[in-house]
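Participant: sequence below, structure please.
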Amino acid sequence: MEKTAPTLALALAITASSRLRLEEREPAFRAAFVAAVAALDDADVMYRRAIETAVPSEAAAIVAAMRSFREQVAGVRERAREAIGEAYRRHGRVYGAFDPLDAYLPPTDGLSHADATRVATMADTARGQVDTLRAQVNQGVVARLAPPQIEMLIAAKRRRREAFEAALRGAVESVVGGDVTRDEREKTVYGLVALADGWY
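Facilitator: All right, here's what the predicted structure looks like:
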């Protein structure tokens, strides 16, 4: 995951600053999220170790399936980013580091209504492709495991998500301090956890 860390940090930073309407603090968010992404990587390593412990006989196949899924998702993300970026470029705008697979839609000011609609449709289509890929890999993994093993993996994934939440909340709080409401901060953290989870 080391190769994706800078790109993920950028995506988190631009999304957090846009969601909170603190665009001028994007550089500070970027620095905070570089450190946070290292913590996300560590949590993901722990998740893979939990897989090895829970299902040692199937761990290699599960990790390989996860790796293949991540590679395919990265391809979907980049194709969507390029297509959406082209729509922005037609209007002299820059899409930037936003993650097209994230549910958060960045501002489309300056785009024609038709291109704004196309952007939303392209993002929806890309997310649908990822949902299909996820269903396929989950079906393959579940077929290999007994119910108790599945529960162990669900618990391990829950721990990874909790670690993601702690790291991302810490990064956001280090930048915003008391300048946003608790509700705004929590909604942003929730969205960022979902964004990050999509990279792993």
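Participant: now residue 115: how far from residue 106?
Facilitator: Relative to residue 106, residue 115 is positioned 13 Å away (CB to CB, to the nearest Å). To be clear about C-beta, it is placed using only N, CA and C from the backbone, and glycine gets the same treatment.
Participant: between those two, which is the more surrounded one?
Facilitator: The neighbour comparison of residue 115 against residue 106 (other CB atoms under 10 Å) goes to residue 106, with 21 against 18.
Participant: that one contacts residue 18, doesn't it?
Facilitator: Yes. Between residue 106 and residue 18 there is a contact under CB atoms under 8 Å: 5.8 Å.
Participant: and for these two, which residues touch both?
Facilitator: Residues touching both residue 106 and residue 18 by CB atoms under 8 Å, 6 or more residues apart in numbering: residue 98.
Participant: quick one: low-confidence ranges for this structure?
Facilitator: Within the chain, the stretches with pLDDT under 70 are 1-5.
Participant: quick one, helices of it?
Facilitator: Assigned by DSSP state H, the chain shows helices spanning 5-19, 26-54, 59-89, 113-144, 147-176, 182-197.
Participant: those: which one's closest to residue 96?
Facilitator: Closest approach to residue 96 among the helices of the chain is made by helix 5-19 (5.5 Å; CB to CB).
Participant: so what touches that closest one?
Facilitator: With contacts defined as CB under 8 Å, 6+ apart, helix 5-19 is touched by 22-27, 29-30, 32-34, 36-38, 40-41, 96-99, 102, 104, 106-107, 168, 171-172, 175, 187-188, 191-192, 195-196, 199.
Participant: if you count neighbours, what's buried in that helix?
Facilitator: Within helix 5-19, the residues scored as buried using 16 or more other CB atoms under 10 Å are 5, 7-19.
Participant: could you do stretch 162-180 as well?
Facilitator: Of all the residues in stretch 162-180, those buried under the rule 16+ other CB under 10 Å are 163-165, 167-169, 171-172, 175-176, 180.
Participant: equivalent analysis for stretch 51-67, please.
Facilitator: By 16+ other CB under 10 Å, the buried positions in stretch 51-67 come out as 51, 54-55, 58-59, 62, 65-66.
Participant: which residues are in contact with residue 159?
Facilitator: Counted by CB under 8 Å, 6+ apart, residue 159 has contacts 43, 46-47, 50.
Participant: list buried residues within those residues.
Facilitator: Neighbour-count burial (16+ other CB under 10 Å) is assigned, among the contacts of residue 159, to 43, 47, 50.
Participant: quick revisit: turn the buried residues of stretch 51-67 into CSV, columns for distance to residue 145.
Facilitator: Formatted as CSV, the buried residues of stretch 51-67 follow (distance: CB to CB, whole Å):
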residue, distance to residue 145
51, 10
54, 9
55, 6
58, 7
59, 11
62, 8
65, 12
66, 14
